[in-house]
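K.L.:
3D, please:
(one chain, ligands or ions: 1)
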Amino acid sequence: MITFEGAAKHYPDGTVAVAGLDLTVESGRTTVFVGPSGSGKTTSLRMVNRMVAPTSGTVLVDGEDVRSQDPARLRRSIGYVIQQAGLFPHRTVRDNIATVPLLLGWGRSRARARAAELMESVGLEPSQAKRYPHQLSGGQQQRVGVARALAADPPILLMDEPFSAVDPVVRTGLQDELLRLQAELRKTVLFVTHDIDEAIRIGDRIAVFGPGGELAQYDTPERLLTHPVDDFVESFIGYDRGVRRLAFFPANELALREDVLLDDQDTVERALNTVDTAGQPWALVVDAQRMPLGWVDVDRLRHEPSGLELGRLTLTAYGHTFDVERDSLRAALDAAVLSPAGRAVGVDPDGRVLGVVSQADLGNAIWSVS
Ligand SMILES: Nc1ncnc2c1ncn2[C@@H]1O[C@H](COP(=O)(O)OP(=O)(O)OP(=O)(O)O)[C@@H](O)[C@H]1O
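P.N.:
The predicted structure is shown next:
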């Protein structure tokens, strides 16, 4: 557990970086500090490993004032990951990861074995062990940074904007990796970001910092979205907080229609019988494995030769799908909004179609949780 007790940082030029922070970071959970630039997130984070000394107040780790601990030893016991990884450029990936174990006197072979194990955990290939940081992509460098921070198995991990410098797709992958690792390792993670979406995605608890280094709200992601305490927090979260909140509700209770699924081997005539019963303007064509092929406009279908197989028609791209078991209502809504037919295609983990959700059913599900 990390406890901030009235921890403040005032600089001689009059800047109030942190204005008396009172907050408890729970063990084994991910706590995110989020807020606009200059709101004191990094300064607060660095108080934990004594890179910044508070001008008043205290920071305690497991009840012990960090000032009573030797800074070098404290830092070796706390993992630290920063933006652009901060790797040692002249050390190989393996030796970067083994840095702290070597400092702790583990011996080269044990430290390297640990590095190899961690490379696998963070999704790096063994062949990358002997590369240098500049020979890796930004996302791979961040993985090395995370592996290095975890090397000596510290109970606490401080992460300062670790994924900010990579593109959105890589960033989502890194967030997934962190969520997976954290489910397994249960570290006390303190994570700084500007990005409210990232905070909501990975945080068990979120501290929103406001201007003047003040803590504006400390809550679960869901409470933050439903009950922002003031206008500042509300505007920081953004106008679409209602939509963001849908991320907390599973899609598996949505009513899926199967009567609008057509087999690509069916003829137009047979398909029309099916869709006329369903009474829907669009139908989804699937193959023999129920993989989606595309939408067909029922009115257009009436003008096609009755004996033609559906697989020979030019179909409208089906767009995004959502995974019924794993995705949220937000993903289902996204799939519907991006679908040319205005309907969301629900699939199983292998991508096979389970059914289609109409806008009306999706709307009802959204209203029932609002
Ligand atoms: N050595 C210093 N002297 C004076 N002011 C400082 C010093 N270090 C930081 N500050 C100021 O303290 C404030 C808080 O900085 P901090 O880096 O903690 O904010 P942040 O929320 O992490 O911002 P960012 O997201 O941009 O990194 C800023 O106004 C910054 O300019």
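K.L.:
just confirm residue 100 contacts residue 148, I think it does.
P.N.:
Yes. Using C-beta atoms under 8 Å, residue 100 is in contact with residue 148, at 7.3 Å. For glycine as for every other residue, the C-beta is placed from the backbone atoms N, C-alpha and C.
K.L.:
any idea which element residue 274 lies in?
P.N.:
Under the criterion of DSSP states H and E, residue 274 resides in helix 268-278.
K.L.:
need the three-state assignment for residue 247.
P.N.:
Secondary structure assignment for residue 247 (DSSP: H, G, I helix; E, B strand; the rest coil): helix.
K.L.:
contact partners for it?
P.N.:
If a contact means C-beta atoms under 8 Å, 6 or more residues apart in numbering, then residue 247 has 200, 201, 328, 329, 330, 331 as its contacts.
K.L.:
and the pLDDT for it?
P.N.:
According to the prediction, residue 247 has pLDDT 86.
K.L.:
ditto for residue 163
P.N.:
Confidence for residue 163, expressed as pLDDT, is 85.
K.L.:
same check on the one 10 residues further on?
P.N.:
In this model, residue 173 is scored at 83, pLDDT.
K.L.:
cool, residue 370 as well?
P.N.:
69.
K.L.:
where does the prediction get shaky in the stretch 201-350 of the chain?
P.N.:
Scanning the stretch 201-350 of the chain for pLDDT under 70 picks out nothing.
K.L.:
who in this protein is up against the ligand?
P.N.:
11, 13, 15, 17, 35, 37-43, 194 (C-beta under 6 Å from any ligand atom).
K.L.:
do that again at 5 Å, thanks
P.N.:
With C-beta under 5 Å from any ligand atom as the criterion, the chain comes near the ligand at residues 11, 15, 17, 37, 38, 39, 40, 41, 42, 43.
K.L.:
mind putting the residues you listed in CSV, distance to residue 1, secondary structure and pLDDT included?
P.N.:
Shown next, in CSV, are the residues of the chain next to the ligand (distance: C-beta to C-beta, whole Å; DSSP: H, G, I helix; E, B strand; the rest coil; pLDDT from 0 to 100):
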residue, distance to residue 1, secondary structure, pLDDT
11, 28, coil, 93
15, 29, coil, 91
17, 23, strand, 94
37, 29, coil, 90
38, 28, coil, 89
39, 23, coil, 92
40, 21, coil, 94
41, 19, helix, 95
42, 21, helix, 95
43, 20, helix, 96
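K.L.:
Throw together a PyMOL command that grabs the buried residues out of those residues.
P.N.:
A single PyMOL command selects the buried members of these (16 or more other C-beta atoms under 10 Å):
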select buried, resi 17+39+40+41+42+43
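K.L.:
reformat the residues of the chain next to the ligand as JSON lines; add distance to residue 116.
P.N.:
Listed next are these as JSON lines, based on distance: C-beta to C-beta, whole Å:
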{"residue": "11", "distance to residue 116": "44"}
{"residue": "15", "distance to residue 116": "45"}
{"residue": "17", "distance to residue 116": "40"}
{"residue": "37", "distance to residue 116": "38"}
{"residue": "38", "distance to residue 116": "41"}
{"residue": "39", "distance to residue 116": "40"}
{"residue": "40", "distance to residue 116": "39"}
{"residue": "41", "distance to residue 116": "34"}
{"residue": "42", "distance to residue 116": "32"}
{"residue": "43", "distance to residue 116": "36"}
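K.L.:
between the residues of the chain next to the ligand, which is nearest residue 105?
P.N.:
residue 42 (31.1 Å; C-beta to C-beta).
K.L.:
how close does residue 281 get to residue 263?
P.N.:
19 Å (C-beta to C-beta, to the nearest Å).
K.L.:
let me fix that: residue 313
P.N.:
Residue 313 is 13 Å from residue 263, where distance means C-beta to C-beta.
K.L.:
what is in contact with the two at once?
P.N.:
residue 285.
K.L.:
what sits against residue 26?
P.N.:
1, 188, 204, 205.
K.L.:
contacting residues around the third one?
P.N.:
Applying C-beta under 8 Å, 6+ apart, one finds that residue 204 lies in contact with 26, 29, 30, 31, 220, 221.
K.L.:
then stretch 29-49 to CSV, C-alphas only?
P.N.:
Provided in CSV are the C-alpha atoms of stretch 29-49 (Å, rounded to 0.1, in the frame of the first residue of the first chain):
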residue,chain,number,x,y,z
ARG,A,29,-4.3,-3.0,-8.0
THR,A,30,-3.7,-0.6,-10.8
THR,A,31,-4.2,3.1,-9.8
VAL,A,32,-4.0,5.7,-12.5
PHE,A,33,-3.1,9.3,-12.1
VAL,A,34,-4.7,11.2,-15.0
GLY,A,35,-5.0,14.9,-15.7
PRO,A,36,-3.9,17.7,-18.0
SER,A,37,-0.3,18.7,-18.5
GLY,A,38,1.3,20.3,-15.5
SER,A,39,-1.2,19.0,-12.9
GLY,A,40,1.4,17.3,-10.8
LYS,A,41,1.0,13.6,-11.8
THR,A,42,4.7,12.9,-12.5
THR,A,43,5.8,14.9,-9.4
SER,A,44,3.5,12.8,-7.2
LEU,A,45,4.6,9.6,-8.8
ARG,A,46,8.3,10.4,-8.2
MET,A,47,7.7,11.1,-4.6
VAL,A,48,7.2,7.4,-4.2
ASN,A,49,10.7,6.4,-5.2
